[in-house]
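> mind looking at a prediction? Sequence and model below.
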Amino acid sequence: MKNILVTGGAGFIGSAFVRHMVEAYPDYRIICYDKLTYAGNLDNLLSVSDEENYRFKRGDIADRQTVESVLQANNIDTIVNFAAESHVDRSILDPDAFVHTDVVGAYILLDEGRKHGIGRFCHVSTDEVYGDIDLGQSSEDDQFLPNSPYAASKAGGELMVRAYHVTYGMDTVVTRGSNTYGPYQYPEKLIPFFTTEAIDDKPLPLYGDGKQIRDWLYVDDHALGVDFLLHHGISGQAYNLAGENQRFNIDVTKRILELLGKPQSLIKHVPDREGHDRRYAMSAQKARQLGWTRKFDFETGIEATVRWYLENEWWWRKIKTGAYLDYYERQYAERLATAKLP
Ligand code: NAD
Ligand code: TDX
C-alpha cells in the first residue's frame, strides 16, 4: 500500500481521514478525489494542502474516464471510498443524486479499480443500511432493511462491493459507521445545524417528539476506525464502527443549549421526517475483537464540538449563505410555521 485514492476526502469524515493519514503515514501518497458538491470544502483540507505526500484532484466517482485517468496517473494501489450524497432529508426531496453517487459511483470506482488491478478497496458505509431497530443492537450479519432513499442507495453501493469480492475476488473491506459528529461537519446535520442556529438564537426544528435514538461516534474515532480496518480488516468482511453512545435527539439538543448557555425555549417540535427511523444501535464487538476501540465518549466529544463551532465561525458562516438558505427554506419554512412549543 503506497498510493491511496481517498474519494470524498473534502467532506466531513473524509477530510478527517485525509488529515490523519497525511500526518500518520509520511511514506504513503494520499490523493484526494472529490467532486466538490455543496458538501465538499477545500477549507477542510487547508492544514495539509502544502504537504508533500498530499494531492487533490477534482472529479466525479461516477465519471469513468476521469476515474481511470486518476488511477493511472497516480499509480493507485488502494481506494478508500467516502464519496457520497449523505443527507437523509435531501434524499427525500431529491433522490437522483443519491443513486448517481452512492450506487453508480461506487460501481464505477470498483469496476475501474478492478481493471487497474488495485489491491484493497475500502468502502465507507453506514448503520442506516440495517434500518430501524426497536431493541438490541445490529450486528454485521443482520439483514438490510434501509428505509430512506439515502439508506437504500448506500445499501445498493455496498452490495456491489460484496459482489466484486465474491465474483472477481477483489480485496474489499466495508465499514459501517454510526451517526458521526465533530468539527467541519456541514451544518445541515443535527449537531452542527442546531449548534450554529442556537449561537444565532434561531429556532431548533426538532422532528416529531424528539425521542428518536441515534448512536453517536466522534469524527476522529470514525477516521481512525477506517484507517484500522483498511490495514487490519479481513478481506470480504464488513465491520460496524459503532459509537455505543446512544442518546435521544431531545437530550442531545438540550445538551447543546446548555453548553451554549441558551434557553430551552429555542426548541420547536416540528412535523416529523417522512419514514423517520426511530432508533439505530449497533454492536462494535466484531471490530473490537480485531483491536479497534473508540476513544471519545459522548460528553467529551460534544463539548469539544460545540466549542469548535463557537471558535470557528469563519468556517461555517460563509457556508450558511446562498444555496444553503434555499435548502433551509425548502426543508424548514413550512415545518417551522406549524411548530408546537415544547
Ligand atoms: P459529506 O456529505 O460531508 O461529504 C461527502 C463528500 O463526497 C463531499 O466532499 C462531496 O463533495 C463528495 N462527493 C459527493 N458526490 C461525489 C461524487 N459523485 N464524486 C466525488 N465526490 C463526491 O459526508 P460525510 O458525512 O463525510 O460522510 C462520508 C461517508 O461516510 C459517506 O459515505 C457516508 O455515507 C458515510 N457515513 C456518514 C455518517 C455521518 O454521520 N456523517 C455516518 C456513517 C457513515
Ligand atoms: O433538523 C433536524 N431535526 C431533527 O430532529 C435534523 C437535521 C435532524 N433531526 C433528527 C433526525 C434524526 O433522528 O436528528 C437525528 C439525526 O439527523 P441527521 O443529522 O440528519 O442524521 P441521520 O438522519 O441520523 O443520518 C446520519 O447518520 C448516518 C448521517 O446524516 C448519515 O450520513 C449517516 O449515514
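Received it, and whenever you're ready, just let me know what you need. Numbers count the residues shown, from 1 in each chain. Ligands and ions are numbered 1, 2, ... in the order given.
> contacting residues around the residue found closest to residue 319 once you drop the neighbours it is linked to in the chain?
Leaving aside its sequence neighbours, residue 319 sits nearest to residue 187 (Cβ to Cβ, 6 or more residues apart in numbering; 6.2 Å). Every C-beta, even on glycine, is put in place using the N, C-alpha and C of the backbone. Shown in contact with residue 187 (Cβ atoms under 8 Å, 6 or more residues apart in numbering): 193, 195-196, 316, 319-320, 324.
> of all those, which two lie farthest apart?
By the measure Cβ to Cβ, 195 and 324 form the most distant pair in those, at 15.2 Å.
> mind checking which of these two has more residues around it?
residue 195 (27 against 16; other Cβ atoms under 10 Å).
> are any of the contacts of residue 187 buried, and if so which?
Among those, those classed as buried by 16 or more other Cβ atoms under 10 Å are 193, 195-196, 316, 319-320, 324.
> between those residues, which is nearest ligand 1?
Within the buried ones among the contacts of residue 187, the smallest distance to ligand 1 is 11.2 Å, found for residue 319 (Cβ to the nearest ligand atom).
> are we agreed that that closest one is in a helix?
No. Remark: residue 319 does not belong to a helix; assigned using DSSP: H, G, I helix; E, B strand; the rest coil, it is coil.
> gap between it and residue 307?
19 Å (Cβ to Cβ, to the nearest Å).
> also residue 203?
As judged by Cβ to Cβ, residue 203 and residue 307 stand 23 Å apart.
> tell me where the chain has strands.
3-7, 29-34, 54-58, 78-81, 120-126, 171-177, 179-181, 204-207, 213-218, 237-241, 246-248, 267-270 (DSSP state E).
> contacts for the fourth one next, please.
What it means is strand 78-81. The contact list for strand 78-81 (Cβ under 8 Å, 6+ apart) reads 1-8, 17, 61, 106, 109, 113, 118-124, 226, 230.
> before we move on, what about the fifth one?
Contacts made with strand 120-126 from outside it, assessed by Cβ under 8 Å, 6+ apart, are listed as 1, 8, 13-14, 78-82, 84, 106, 109-110, 113, 151, 154, 157-158, 161, 164, 170-177, 226, 229-230, 233, 235, 238.
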